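Engineer: One predicted model, sequence on top.
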Amino acid sequence: MRAVQAREAGGPEVLSVVELPDPEPGPGQLLVRVAAAGVNFIDTYRRAGVYPMAYPHVVGVEGAGVVERLGEGVEGFAVGDRVAWAEAPGSYAELALVPAANAVAVPAGLDLTDAAALMLQGMTAHYLVASTFEVGPGHDVLLTAGAGGVGLLATQLATARGGRVITTVSSAEKAGLSTAAGAAHTIDYAAMTDLTAELPAAVRALTGGQGVHVVYDGVGRSTFEASLASLRPRGMLVLFGAASGPVPPVDPQALNRGGSLYLTRPTLGHYVATRGELEWRAGEVLASAASGNLDVRVGRTFALADAAEAHRALEGRATTGKVLLLP
């Protein structure tokens, strides 16, 4: 099979397509013919060595495809089933070994590329608005990177729950995408010279001076202070990513000064910790997309041979929606 390996820690240039033996499914594993693999920031962190990894390794964790073989002891799946997953190392490949415990069925009527686009970002958006801070009628929400994959999905889910969503964007095109997803207001931060002061001022102008109930911040270092300052008393900052880099250590007294604020740093693994929760969360997201109630935007697709270019596009914030590799 063909697969994308990171031969050493480094930039996108360390990625290359190699020929490897077809893998054999072990106990509890599915051998899946990959239709689409998701390109995510966690892949870039592992490629770069930010997260310790063995090298060389086949990159990627997310995807969707068709089951070709079953490992010993697998129940609930059959050859020919369409499945998707958010955690199966080695997904940038024509064939992937997927733990059956991590796989979910793709509903009829949903394209496999859309299913691949939804697993990490869709379930992240779901846990953010349904579990970490449960958005409901009357809640004001601020979402950074509103035209990104999580941003577009979380905007739709939060709006459907009765929230009023404000997003940050960096261009008129991205503002249009965010508005189409349901954002009540977009704030273009590209021209701001002092984000920490100007973004909270813009948010408060839209919320009667109060600030928002919750900020979902996937950008990190460059927006953290502004996000914190955009909250109303007893508001919650949900830091779920670090696209601009990790946030420096925080003085807990800053939460006191801001109005008894809450700060949390969730990750998807803790929100799909049981099989029941995985099936519930993935099931709601995939079913919503299959029924047309949740719009999935695949911003760009790349061939396996162009994986390095896909990483450059993602890291350079030159994408909207989801980025996929199509083996």
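Structural biologist: In hand now; what should we look at? Model, not experiment: these values are computed from the prediction. Numbering: from 1, shown residues only.

Engineer: for the chain, longest strand please?
Structural biologist: strand 29-39 (DSSP state E).

Engineer: got the contact list for the spatially most central residue of the chain?
Structural biologist: The residue lying closest to the centre of the chain (Cα atoms, centre = their mean) is residue 121, at 3.0 Å. Residues in contact with residue 121 (Cβ atoms under 8 Å, 6 or more residues apart in numbering) are 38, 40, 149-150, 153, 322. For every residue, glycine as well, the C-beta is placed using N, CA and C.

Engineer: As TSV, the residues you listed with neighbour count, distance to residue 222 and pLDDT would be great.
Structural biologist: TSV is the format used below for those (neighbours: other Cβ atoms under 10 Å; distance: Cβ to Cβ, whole Å; pLDDT from 0 to 100):
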residue	neighbour count	distance to residue 222	pLDDT
38	29	24	98
40	24	19	93
149	29	19	90
150	24	17	95
153	30	22	97
322	29	22	95
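
Engineer: which SSE is the residue nearest to the centre of the chain in?
Structural biologist: helix 112-127 (DSSP states H and E).

Engineer: Can I get that helix in PDB, CA atoms only?
Structural biologist: C-alpha atoms of helix 112-127 as PDB (Å, rounded to 0.1, in the frame of the first residue of the first chain):
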ATOM      1  CA  LEU A 112     -17.500   9.000   3.200                       C
ATOM      2  CA  THR A 113     -15.600  12.200   2.600                       C
ATOM      3  CA  ASP A 114     -18.200  14.100   4.700                       C
ATOM      4  CA  ALA A 115     -18.000  11.400   7.400                       C
ATOM      5  CA  ALA A 116     -14.200  11.800   7.500                       C
ATOM      6  CA  ALA A 117     -14.600  15.500   7.800                       C
ATOM      7  CA  LEU A 118     -16.900  15.200  10.800                       C
ATOM      8  CA  MET A 119     -15.200  12.900  13.200                       C
ATOM      9  CA  LEU A 120     -12.700  15.100  14.900                       C
ATOM     10  CA  GLN A 121     -14.100  18.500  14.200                       C
ATOM     11  CA  GLY A 122     -17.700  17.500  14.400                       C
ATOM     12  CA  MET A 123     -17.400  15.700  17.700                       C
ATOM     13  CA  THR A 124     -15.300  18.500  19.000                       C
ATOM     14  CA  ALA A 125     -18.000  21.000  18.100                       C
ATOM     15  CA  HIS A 126     -20.500  18.700  19.700                       C
ATOM     16  CA  TYR A 127     -18.800  18.400  23.100                       C
END
